[in-house]
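J.: Predicted coordinates and the sequence they were generated for:
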Amino acid sequence: MAINYPYRVFRYQVTIDGIARASFSEVSGMNMATAAVEYREGDDLRNTPRKLPGLTTFGNITLRWGVTTDMDFLDWIHSVAPNNEAGPSGIVRHDIVITLFDDAGDANGPEWTLINAWPVSYNVPDLSGLGNEVAIQSLEICHEGLWRTNAGAEAGTPSPI
């Protein structure tokens, strides 16, 4: 029987609308939660309320990467937020796929797809004349859905987490 080892967190790729970007040092915040709504009728004989599923919410994700001359993400941010005197051009939404690599370096691990994602926050790194770290910027992204599939598996309908 083959041993099924878990995937490592340090080998992954981020794909935004089909364009692979593996230059992120960190991806964090992928989660979802469904609120529990309590309900009880006055003539209910139970001593506790019933629990029904309420709204499902998806946490914002944060992408962190080193500062370079690449301006693609800043252009995406400016589609939402005004750039100087120019007003916002309108929200540009993208689907984002985050794929874990297996030990051989192949993109055969699980995938998470973020539906209709757009940027809500951009953070410039702190600068210091005495520092020797890499300048890391971050982008916070909201989205409307989180789906999980297996990249190495046969194509099929993704399922919500």
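T.: Structure received. None of the values given here were measured: they were computed from a predicted structure.
J.: contacting residues around Glu144?
T.: 58, 115-117 (Cβ atoms under 8 Å, 6 or more residues apart in numbering). From N, CA and C alone the C-beta is placed, and that goes for glycine too.
J.: The same query, at a cut-off of 6 Å, please.
T.: 115-116 (Cβ atoms under 6 Å, 6 or more residues apart in numbering).
J.: Please report how far it lies from Glu26.
T.: 23 Å (Cβ to Cβ, to the nearest Å).
J.: Just give the number of residues close to the closest residue to Ala35 other than its chain neighbours.
T.: Spatially, and ignoring its direct neighbours in sequence, Ala35 is nearest to Gly54 (3.6 Å; Cβ to Cβ, 6 or more residues apart in numbering). The tally of other residues near Gly54 (other Cβ atoms under 10 Å) stands at 12.
J.: Name the helix or strand for Gly54, please.
T.: Per DSSP states H and E: Gly54 is located in strand 50-58.
J.: And that strand, what's buried?
T.: Phe58 (16 or more other Cβ atoms under 10 Å).
J.: what mean pLDDT does it have?
T.: The predicted model gives strand 50-58 an average pLDDT of 95.
J.: all helices of the chain, in order?
T.: For the chain, applying DSSP state H gives helices covering 72-78.
J.: ranges for the strands of it?
T.: Assigned by DSSP state E, the strands in the chain fall at 12-16, 19-21, 26-28, 32-39, 50-58, 61-66, 94-100, 110-123, 136-142, 146-150, 159-160.
J.: What's the local residue count around the closest residue to Arg21 other than its chain neighbours?
T.: Counting by Cβ to Cβ, 6+ apart, Arg21 lies nearest to Val14, which is 5.1 Å off, once chain neighbours are set aside. Residue neighbour count, defined by other Cβ under 10 Å, stands at 19 for Val14.
J.: Check what pLDDT Val14 gets.
T.: 92.
J.: is it in a bridge, and if so with what?
T.: Counting by DSSP bridges, Val14 is bridged to Arg21, Ile98.
J.: mind listing what it touches?
T.: 21, 24, 98.
J.: Can you flag the buried ones in those?
T.: 24, 98.
J.: Dump the contacts of Val14 into TSV; add pLDDT and distance to Val92 as well.
T.: Formatted as TSV, the contacts of Val14 follow (pLDDT from 0 to 100; distance: Cβ to Cβ, whole Å):
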residue	pLDDT	distance to Val92
Arg21	73	16
Phe24	88	19
Ile98	93	19
